[in-house]
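Colleague: The following comprises the amino acid sequence and a computationally predicted model.
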Amino acid sequence: MTAPVAEPSPAPSSPSAPASLPGGGTATGRWTRVAATGAGAAFPPAAAQAAPGAGGTTAPGGAAPAPTLTADGAYAARLAQRGGCWFPERWTLDSAEPYAVPLPANQPEEPGTRVLPMADGRVLVHRRAAGRHLFSLLYPTGPGTGEVPLGGVECDGAELTLLPPAPRGAYAYALAAGPSSTAVWLVAGGAFGPEHLAEIPGRCTGGVWLDRSNRMLALDRDLDGRTKTVAVDLERGGEVTPLLQIAAESDDRLLLADADSGLLLIRSDAPGETRLGWGVLGSSLPVRFPECLRLPGRAVTPFAIQPGQVLMPESCAVALRVDDGSGDSAPLLCGWRPADRRVHQLPTPAGWLAGAGRCTRDGVLELPYVTGSVPCGMARVEVPAPAPGAVASAEVKEAEAAPRAARPVPLQQAPLGGRGAVG
């Protein structure tokens with residue numbers, strides 16, 4: 001179905017300091033702490049919501065393009081626009097103040113070009129040309145932009161997309177979804193250009209990393225008219241095992257996972273309607289569908305989980321983007337923990353690039369934003385701490401009593417009524 005083309009060039013060392021480039025140079029930004037003004041679950045009507053932040057570059061749809069962050073939060077990358085021309089832009093976030101470096105190539109990028117930050121500060125660029133998917137690494141070189149061609153992939157009838165940044169950020173992966181099978185490709189970090197890693201029966205979408213070694217990848221597989229999440233072992237030739245099987249006739253998708261706590265965020269129609277739920281990797285306890293996450297008329301999308309909470313999945317802070325579906329109002333920023341029975345509305349930074357961000361080990365959200373005066377900013381917003389004693393549940397006690405599963409195991413079928421105390 002797919003075949004590699006072209007060969008890469010040797011990769012040079014990549015500088016991480018700011019570089020001055022033609023047409024704009026380095027844009028310094030700032031860290032901003034946004035104080036909470038109160039938290040609760042009372043959401044304002046759409047007309048009362050604040051308008052999106054002004055300033056910054058805009059995407060074809062009118063909204064500023066959100067950056068993608070590396071797994072460690074050191075870098076971010078996005079496709080930006082200036083003077084009607086699109087170009088990759090790298091954000092450096094592990095410095096005293098964040099700063100952005102434009103990485104224009106020899107010609108402007110197409111609006112559909114995709115970018116991904118690498119752990120060494122380079123930016124992976126995914127372009128399409130004459131039916132092929134071409135990959136290159138960009139890096140600043142003082143007065144210009146260096147480019148390392150990596151080769152490409154031909155997809156016969158398949159749609160190729162980049163997977164989220166891998167925990168080991170020297171590597172980048174892509175998914176080529178065809179009508180009857182899906183290929184997983186290593187597109188950066190290999191020895192000789194793109195490498196075909198696995199071929200999975202069925203059409204797969206999504207992509208969530210389950211560990212920190214780039215071995216276990218969760219994909220949402222559409223097979224025989226149903227969507228179920230499977231775990232793919234990339235070190236065993238793409239061996240597939242079931243991960244989510246909530247009900248026989250349900251469509252179950254994995255949205256986020258945290259390798260430390262094992263917390264999983266799931267979207268499923270097993271309760272009779274599409275709902276947001278949570279479970280724990282390797283647990284025999286059922287998936288829960290908290291009533292507080294059911295917001296009629298609004299789309300709730302988790303985008304970050306607090307890391308470092310080993311054996312404490314219920315205490316993990318989860319960042320939520322809440323949309324009213326009208327397209328006329330700015331998304332709301334919310335926080336939630338499985339141990340809580342409420343969703344906390346958080347102050348939304350002006351110019352937040354909605355849906356982008358990460359959570360620190362201390363439960364603080366780091367959110368990228370762009371305004372007319374700040375071209376590259378990161379705001380810090382704290383998620384309210386869980387109530388004392390709220391995390392000592394059966395989920396944690398079970399995890400303490402038994403060793404963690406070395407590999408993912410299917411979650412047990414979830415009873416849709418009479419769920420436990422939490423959620």
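Modeller: Thanks, I have the structure now.
Colleague: Output the strand or helix carrying residue 184 as PDB, nothing but the C-alphas.
Modeller: Taking DSSP states H and E as the criterion, residue 184 maps to strand 181-188. The C-alpha coordinates for strand 181-188 follow below in PDB (Å, rounded to 0.1, in the frame of the first residue of the first chain):
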ATOM      1  CA  SER A 181      -5.400  -1.400   6.600                       C
ATOM      2  CA  THR A 182      -3.300   1.200   8.300                       C
ATOM      3  CA  ALA A 183       0.500   1.600   8.200                       C
ATOM      4  CA  VAL A 184       2.700   3.100  11.000                       C
ATOM      5  CA  TRP A 185       5.800   4.900   9.700                       C
ATOM      6  CA  LEU A 186       8.900   6.200  11.400                       C
ATOM      7  CA  VAL A 187       9.500   9.400   9.500                       C
ATOM      8  CA  ALA A 188      12.300  11.000  11.500                       C
END
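Colleague: what packs against it?
Modeller: Using 3 or more CB pairs under 8 Å, 6 or more residues apart in numbering; DSSP states H and E, the elements in contact with strand 181-188 are strand 123-129, strand 132-140, strand 145-155, strand 172-177, strand 195-201, strand 203-209, strand 216-223. (Each C-beta comes from the backbone N, C-alpha and C, glycine too.)
Colleague: To residue 293, which of the ones you listed lies closest?
Modeller: Residue 293 lies closest, by CB to CB, to one member of the helices and strands packed on strand 181-188: strand 203-209, at 18.3 Å.
Colleague: Show residues contacting the closest one.
Modeller: By CB atoms under 8 Å, 6 or more residues apart in numbering, the residues outside strand 203-209 that reach it are 71, 163-164, 166-167, 173, 175, 177-182, 216-223, 229-230, 253-257, 259.
Colleague: Stretch 223-235 now?
Modeller: By CB under 8 Å, 6+ apart, the surrounding residues in contact with stretch 223-235 are 184, 197-198, 200-204, 206, 210, 214-221, 238-245, 249-254, 266, 407-408.
Colleague: what inclination does the strand holding residue 184 have with respect to strand 172-177?
Modeller: 160 degrees (axes from the mean of the first three to the mean of the last three CA atoms, to 10 degrees).
Colleague: and strand 181-188, which strands flank it?
Modeller: In the sheet containing strand 181-188, its partner strands are strand 172-177 (antiparallel), strand 195-201 (antiparallel), by DSSP bridges.
Colleague: orientation of that strand relative to strand 216-223 in degrees?
Modeller: 150 degrees.
Colleague: got a markdown table for the helices and strands packed on strand 181-188, with distance to residue 281 and mean neighbour count too?
Modeller: Shown next, in a markdown table, are the helices and strands packed on strand 181-188 (distance: least, CB to CB, whole Å; neighbours: other CB atoms under 10 Å):
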| stretch | distance to residue 281 | mean neighbour count |
| --- | --- | --- |
| strand 123-129 | 28 | 20 |
| strand 132-140 | 31 | 23 |
| strand 145-155 | 31 | 20 |
| strand 172-177 | 20 | 24 |
| strand 195-201 | 20 | 17 |
| strand 203-209 | 11 | 20 |
| strand 216-223 | 9 | 22 |
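Colleague: returning to that earlier point: if we look at the strand holding residue 184, which residues are touching it?
Modeller: Strand 181-188 is contacted from outside by 1-2, 118, 124, 126, 135, 137, 150, 153, 158, 160, 162-163, 171-176, 194-204, 217, 219, 221, 232, 234, 238, using CB under 8 Å, 6+ apart.
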